[in-house]
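Participant: Compute the structure for the input listed below.
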Amino acid sequence: QVQLVESGGGLVQAGGSLRLSCAASGRTFSRYAAGWFRQAPGKEREFVAAINWGGFSTYYAESGKDRFTISRDNAKNTVYLQMNSLKPEDTAVYYCGASNRGYQNVDEYGYWGQGTQVTVSS
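Facilitator: Sure, this is the predicted structure:
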């Protein structure tokens, strides 16, 4: 079992930065890929970024490429999402997930956190 808790969301002006954290419980977390997804009101949950178990392969949606950076510290059981140059369209609830089946599809993730709200004002 893996339990995930996100933090670091908040209100920021356009052009600003936030760093989201996802703390995992369970000694096997380092065996899972981890990903960040987001869901805006009235929209489906969408892929943002993912990282493999060892942290040496990363994947990004086009929307966040060159602005977002995903990383992980397996010693701390934590995954991070550094978000720079934020835009109002980045406003959403951001979810952390753990997967042992893939990286970019919601259905590939077996564990989810409760989400953290990110609001970007114009």
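Participant: Point to the residue nearest the middle of this structure.
Facilitator: Closest to where the C-alpha atoms of the chain average out (Cα atoms, centre = their mean) is Trp36, at 2.3 Å.
Participant: bridging residues for that residue?
Facilitator: As for beta bridges, Trp36 partners with Ala49, Cys96 under DSSP bridges.
Participant: ok, now how distant is it from Gly55?
Facilitator: With distances taken as Cβ to Cβ, to the nearest Å, Trp36 is found 14 Å from Gly55. In this view, the C-beta of every residue, glycine as well, is placed from N, C-alpha and C.
Participant: Check Gly102 too.
Facilitator: Look at Gly102 and Gly55: by Cβ to Cβ, they are 17 Å apart.
Participant: Give me the neighbour count for Ala49.
Facilitator: By the criterion of other Cβ atoms under 10 Å, Ala49 has 26 neighbours.
Participant: and if you look at Val106?
Facilitator: Neighbour count for Val106, taken as other Cβ under 10 Å: 16.
Participant: Now do the contacts for it.
Facilitator: With contacts defined as Cβ atoms under 8 Å, 6 or more residues apart in numbering, Val106 is in contact with 37, 45, 47, 97.
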